[in-house]
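[1] here's a sequence, model it:
(chains A, B and C)
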Amino acid sequence: MFTLTPLEIEALYLSLLVSGWAVAGSLPLGILCAWVLARLNFPGKALFDGIIHLPLVLPPVVVGYFLLVMLGRRGPVGGWLHDWFGITIAFTWKGAAIASAVIAFPLMVRAIRLSLEGVDRGLEQAARTLGCSPLRTFFTVTLPLVAPGVLTGAILGFARSLSEFGATITFVSNIPGETRTLPIALYALTQVPGGDEAALRLCIISVVVAFAALLASEFLSRRVQARLQG
Amino acid sequence: MLELSLARSQGAFLVNVNLTAGQGITALFGPSGSGKTSVINMVAGLARPDAGRITVDGKVLFDAKAGIDLPPEARRLGYVFQEGRLFPHLSVRSNLSFGMNRTPSPERRVKLDDVVEVLGIGHLLDRRPAKLSGGEKQRVAIGRALLASPRILLMDEPLAALDAARKAEILPFIAGLSKRFAIPILYVSHAMDEVLRLADTLVLMDQGRAAAVGSVEDLLARPDLRPLTGRYEAGAVIRATVAGHDPSYGVTRLTFSGGTLLVAKCDLPAGAAVRVRIHARDIAIATEAPTRTSIRNMLPARVISVEQGDNHLVDVMLDCGGTPLWSQITALGQAQLNLTPGMNVKALIKAVTITGSHIAAPP
Amino acid sequence: MIKRILGAVAGLAFGLSAMAAHADEVTVFAAASLTNALNEIGESFTAKTGHTVKPSYAASSALAKQVEQGSPANVFASADLKWMDYLTDKKLINPDTRFNLLGNTLVLVAPLDSKLDKVELGPKVDVAALAAEGRIATGNPDSVPVGLYFKQAMERAGQWGKVGPKVAAADSVRAALAFVERGEVPLGVVYATDAAVSKKVKVVGTFPDTMHDPIVYPFALVAGKETPAAKAFLETIRSPAAKGVFAKYGFKVN
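    Model prediction:
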């Protein structure tokens, strides 16, 4: 049977941990940004849209470098976090999660925005006439109707996070037990003579995980759709 | 009681309405684009007037001068939309209680069981909106709005999307709602048959203005309002009482100020006060009562006015014992009879033309 | 149409190479720590002979992997014997051209604004404690020579259990140096020659040579790629002038 070495288990665990937190942590903000883009009009909206999509079009290494400059020990934000709260992000799985979250963010926002734009505004009006404030309307009517889009966005984000490499290695490099996710462990093995067999095994694990994520997303999507249509 | 004076410009179109709506059903009637939906949306808070004031039961919902504009959720109104707009992700029961849950406990005057019973939707409670027919959806929509214990119920052409059979199913429910739950209703429609069946007060809308306000019978009898009340459907509405039925011949006898009217058998009990719609094209005029004819109704009447219409038709207004009646005859007929105001004639009405759908017990 | 363009380009390239027939290219795969010294030597080599030098600097382990996969290197220079032996065993190195040239020292560096100052390093000195809650940057201790030397030193001193988890593994010694320069880590372990080249770090201590195997830099020609230009380059490396350059940068020269 295919049993996993400690290194493989660690890489798998880190990948799931980092990707899970990346999506969970950025989903609320993603929904908010999608809502702003779908429903509001304001000067500078195009700029806002552009900034959100930057990680999608920039090389991931550039994104990673930017994170390093801002959130590293000596960076404006990272230094402040360290000096005031004792929080260090460099070389930790939290940093890896942040890198993945930033890279995956535009994908999430796109999917959620698309879904939001398809929501019948008339239903929201109906809720308002029944006594729901705009905020309550969002949580009781809009959000449930957007659930399929949010799910899609989350899964897209998760999948992209699982495969994240460039930003992660630039920002938090390769720390065993902290940031050595599946792609990074694989890369490290390709740099070492004699690491090919282990690299191949990691490759297979990555494919299996990706498939599992896809199947899970299909299943969940169907469930949510069925619930919506009764 | 609803009091409103509104003004709002929408592109080239100006909506300017002043009206007061009391208990019972107030119908806003007019062709598409006359501004009816705009008015109701402004009352609901879904659209903003440029100027004016809206109060319900003395509570100010909107006042342009004072800068008051309550959001829809603060107005305590109920709105039944043309498309129903039921929440697809909730069951019928959850849809129904949606508004109720947002109403503070002490203000909940309408009970779930009552509404379910009156609207006949008990067997639908656990279904999802996607599995309901059009008529069922509208009934749930009405129930949902009622259960919010609104100060006033707004209905925007709620039956427009239904076929005749579904309409006939729901009209009776709506007719009884206002009294049953003691909630005034503002009802928007472009269908005269709905208005006749439901309205206590009629507001005729024309190009953004309220052209006339009054009871259905009064407004329909006014010649100057003919263009607004609809040419093809032209006719009169009279108040009558059911005198009795003759089951062996399938007829019902109605008495009104102009005499006795024989109509096709209807189901209303003797003694019931009714409104009867008589189409102008169903009334013929004779200068002397014909003999050996199948026509059962030959009512003495006096000619009030004779007007040329389009298509070589002539509109004749008759006074039948104090009740105004409209008759539409051909120009040829007029040429033969040479009717003039003041002439005494007979109004001939075939009993079969007045069926159950023309008779309604007003709310 | 495409074929014609390709044909023209090929003809042009051939013509150009025919013109430069006597100017060859030497591809040099060298350990990262040799960057500055070899660049300088390479430039004077080109000036003298007209041959161009195409250097590729990375961790010796990564380079060995690339040579193994058939990269077009002519010369291979490793920072330890292990990777040279690895390639020699695989018959990828011409053993007759192999020679040991340079040595180096392991030092402990810190960012310029660090509070740490001169520390006497030895087997008994608690390196992990020096790093406090931060990490120690060095090359990957599983493959990169500088990391291997450091791990060996710590293992022999019985400290690897405490130090190992604190290591921030970098792809090469220069990458580790960059971590320290940026203040990402409070300490780094690099070669003395690397510390000398950097203006943003200071040397906090030097590891005694006895703590680890001698740091040896072997040079050799890759089997099957021993072009005249490559041979000439290797000769130049051993010349007194080149040795002087190496010494200038702080390498120990044989």
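[2] the residue of the stretch 51-200 of chain B found nearest chain C: neighbour count?
    Here the residue of the stretch 51-200 of chain B nearest chain C is B:H89; by C-beta to the nearest C-beta that distance is 48.7 Å. Backbone N, C-alpha and C define where each C-beta goes, glycine included. Using other C-beta atoms under 10 Å in any protein chain shown, B:H89 has 21 other residues around it.
[3] and it, that one's in a strand?
    No: using DSSP: H, G, I helix; E, B strand; the rest coil, the assignment for B:H89 is coil, not a strand.
[4] where does the chain dip in pLDDT?
    Picked chain A for this. Within chain A, the segments meeting pLDDT under 70 span A:1, A:229-230.
[5] oops, chain C please
    C:11-22.
[6] can you map out the strands along it?
    Assigned by DSSP state E, chain C shows strands spanning C:25-31, C:52-58, C:75-77, C:93-103, C:106-111, C:136-139, C:167-170, C:187-191, C:201-206, C:216-222, C:252-253.
[7] and of those strands, who's closest to chain B?
    If we rank these by C-beta to the nearest C-beta, the stretch that ends up nearest is strand C:167-170, at 49.4 Å.
[8] show me what that closest one is packed against.
    strand C:136-139, helix C:173-181 (3 or more C-beta pairs under 8 Å, 6 or more residues apart in numbering or on different chains; DSSP states H and E).
[9] go with 6 Å
    Applying 3 or more C-beta pairs under 6 Å, 6 or more residues apart in numbering or on different chains; DSSP states H and E, we find strand C:167-170 packed against strand C:136-139.
[10] which strands and helices sit next to the strand it packs on?
    Counting by 3+ C-beta pairs under 6 Å, 6+ apart, strand C:136-139 packs on helix C:145-156, strand C:167-170, helix C:173-181, strand C:187-191.
[11] what does chain B put close to chain A?
    By C-beta under 6 Å from any C-beta of the partner chain, the residues of chain B that approach chain A are B:44, B:46, B:72-73, B:79, B:85, B:89, B:98-99, B:102, B:128, B:130, B:148.
[12] hmm, try it at 8 Å
    B:44-46, B:71-73, B:75-79, B:81, B:83, B:85, B:87-89, B:91, B:98-99, B:102-103, B:127-131, B:144-145, B:148, B:154 (C-beta under 8 Å from any C-beta of the partner chain).
[13] need the three-state assignment for the closest residue to B:E107 other than its chain neighbours.
    Nearest residue to B:E107, sequence neighbours excluded (C-beta to C-beta, 6 or more residues apart in numbering or on different chains): B:S149, at 5.7 Å. At B:S149, secondary structure determined by three-state DSSP is coil.
[14] mind checking pLDDT for the closest residue to B:T355 other than its chain neighbours?
    Leaving aside its sequence neighbours, B:T355 sits nearest to B:A264 (C-beta to C-beta, 6+ apart; 4.7 Å). Note on B:A264: pLDDT of 86.
[15] wait, B:A264 touches B:R253, no?
    No: with contact defined as C-beta atoms under 8 Å, B:A264 does not reach B:R253; the gap is 11.6 Å.
[16] identify the residue nearest the geometric centre of chain C.
    Note on chain C: the residue nearest the mean C-alpha position is C:A31, at 1.9 Å, using C-alpha atoms, centre = their mean.
[17] nearest residue to that one other than its sequence neighbours?
    Nearest to C:A31 is C:A79, by C-beta to C-beta, 6+ apart, at 3.7 Å.
[18] go on, A:G79?
    Using C-beta to C-beta, 6+ apart, the closest residue to A:G79 is A:R73 (6.6 Å).
[19] likewise for A:G25?
    Nearest to A:G25 is A:A101, by C-beta to C-beta, 6+ apart, at 5.9 Å.
[20] domain assignment for chain C?
    For chain C, the structural domains run C:22-103+C:216-253, C:106-211, going by automatic domain parsing.
[21] tell me which element B:S248 falls in.
    Under the criterion of DSSP states H and E, B:S248 resides outside all helices and strands.
[22] tell me the contacts of it?
    With contact set as C-beta atoms under 8 Å, 6 or more residues apart in numbering or on different chains, B:S248 has no partners.
[23] could you check the pLDDT of it?
    87.
[24] among the residues of chain B next to chain A, name the buried ones.
    B:44-46, B:72-73, B:75-79, B:81, B:83, B:85, B:87-89, B:91, B:98-99, B:102-103, B:127-129, B:144-145, B:148, B:154 (16 or more other C-beta atoms under 10 Å in any protein chain shown).
[25] in the sheet, which residues pair with the residue nearest to the centre of chain C? Tell me.
    C:A58 (DSSP bridges).
[26] for the residue lying closest to A:G78 once chain neighbours are set aside, phi and psi?
    Using C-beta to C-beta, 6+ apart and skipping residues adjacent in sequence, the residue nearest A:G78 is A:L71, 4.2 Å away. Phi and psi for A:L71, reported as degrees, to the nearest 10, are phi -100, psi 0.
[27] what about the residue lying closest to B:G30 once chain neighbours are set aside, which helix or strand?
    Closest residue in space to B:G30, ignoring its immediate chain neighbours: B:M205 at 3.2 Å, by C-beta to C-beta, 6+ apart. Take DSSP H and E as the rule and B:M205 turns out to sit in strand B:201-206.
[28] from the chain's centre, how far out does that strand sit?
    With C-alpha atoms, centre = their mean, to the nearest Å as the basis, strand B:201-206 stands 10 Å off its chain's centre.
[29] neighbouring contacts of that strand?
    Under C-beta under 8 Å, 6+ apart, the answer for strand B:201-206 is B:17, B:19, B:21-22, B:24-30, B:34-36, B:39, B:195, B:210-216, B:219, B:225, B:228-229.
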